[in-house]
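[1] Sharing a sequence plus its predicted fold:
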Amino acid sequence: WVTTDNGLFVYDDYRKTCTRYMHNNGNPYSLASSKLRCVFKDRQDRIWIGTFYDGLSQFIDTGADIRIYRLRPEDPEHSLKGKIVKSICAGDHGIVWTASENGYLEKIFPDGRILSVNLNQNEHSKNNTYQSIAYSNGKVYAAELGGGLSVFDSESLKLLKKYDIGDNYCSKILLTTQNE
């Protein structure tokens, strides 16, 4: 699975084929956008694709159907606030987390409800552009562009710890076990 600015490419090594998926204005079950930023497979084998300015797409049944998560002012309980989804990770109990360029950390529940937290209101944040997130043991780790690493409680979404690592560009997070 490869995300590009011109669609999603899925390579099947067994069949030696490559299938391209793109947004199609006439098909509500196509990708939300063809400009893509990240791809993630969760513990339930669902594929999630973060887009550039059009929210999130979720492949259901390996592409037969695609569910779109985006800003829906008329339905705030199922509305994704982040437009540029930079990173996706899995939490416990089928929950999926996203981080966006416009400062939102979002918790997507299996029933489609979304809890959004605007990190622009976090006084410890420098610019609220989150590049990468990871989840472990009830904590969400968010790498901030030029501002370090923030650790949030996954239930309350309260900031637990801020690691200032200077003005370094934080691009990805890799969590390992304590003994690695």
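    Thanks, I have the structure now. Numbering: from 1, shown residues only.
[2] For stretch 142-151, measure first residue to last.
    Using C-alpha to C-alpha, to the nearest Å, one end of stretch 142-151 lies 6 Å from the other.
[3] Ignore what I typed, I meant stretch 152-164.
    With C-alpha to C-alpha, one end of stretch 152-164 sits 15 Å from the other.
[4] for this protein, what spans make up the helices?
    Secondary structure of the chain, counting by DSSP state H: no helices present.
[5] low pLDDT regions in this protein?
    Within the chain, the segments meeting pLDDT under 70 span 61-64, 120-128, 146, 166-169, 178-180.
[6] let's see it at 90
    In the predicted model, the chain carries pLDDT under 90 at residues 27-30, 43-46, 53, 55, 59-84, 99-105, 116-133, 142-150, 156-159, 162-180.
[7] ok, so what distance separates residue 89 from residue 43?
    Counting by C-beta to C-beta, to the nearest Å, the separation of residue 89 from residue 43 is 11 Å. To be clear about C-beta, it is placed using only N, CA and C from the backbone, and glycine gets the same treatment.
[8] In contact with residue 59, which residues?
    Shown in contact with residue 59 (C-beta atoms under 8 Å, 6 or more residues apart in numbering): 46, 47, 48, 49, 65, 66.
[9] Identify the bridge partners of it.
    Legend: beta-bridge partners of residue 59 under DSSP bridges are residue 47, residue 66.
[10] How about residue 163?
    residue 149.
[11] count of residues packed around it?
    By other C-beta atoms under 10 Å, 13 other residues sit near residue 163.
[12] what's near enough to touch it?
    By C-beta under 8 Å, 6+ apart, residue 163 lies in contact with 148, 149, 150, 151.
[13] and what of residue 92?
    Shown in contact with residue 92 (C-beta under 8 Å, 6+ apart): 135, 138, 154.
[14] With residue 139 instead?
    Applying C-beta under 8 Å, 6+ apart, the residues near residue 139 are 151, 152, 153, 154, 160.
[15] Buried ones among these?
    Among these, the ones that count as buried by 16 or more other C-beta atoms under 10 Å are 152, 154.
[16] Make CSV from the contacts of residue 139 and add distance to residue 113 to it.
    Output for the contacts of residue 139, formatted as CSV (distance: C-beta to C-beta, whole Å):
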residue, distance to residue 113
151, 24
152, 18
153, 19
154, 15
160, 24
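[17] Among the contacts of residue 139, which are located in strands?
    Judged by DSSP state E, the subset of the contacts of residue 139 located in strands is 151, 152, 153, 160.
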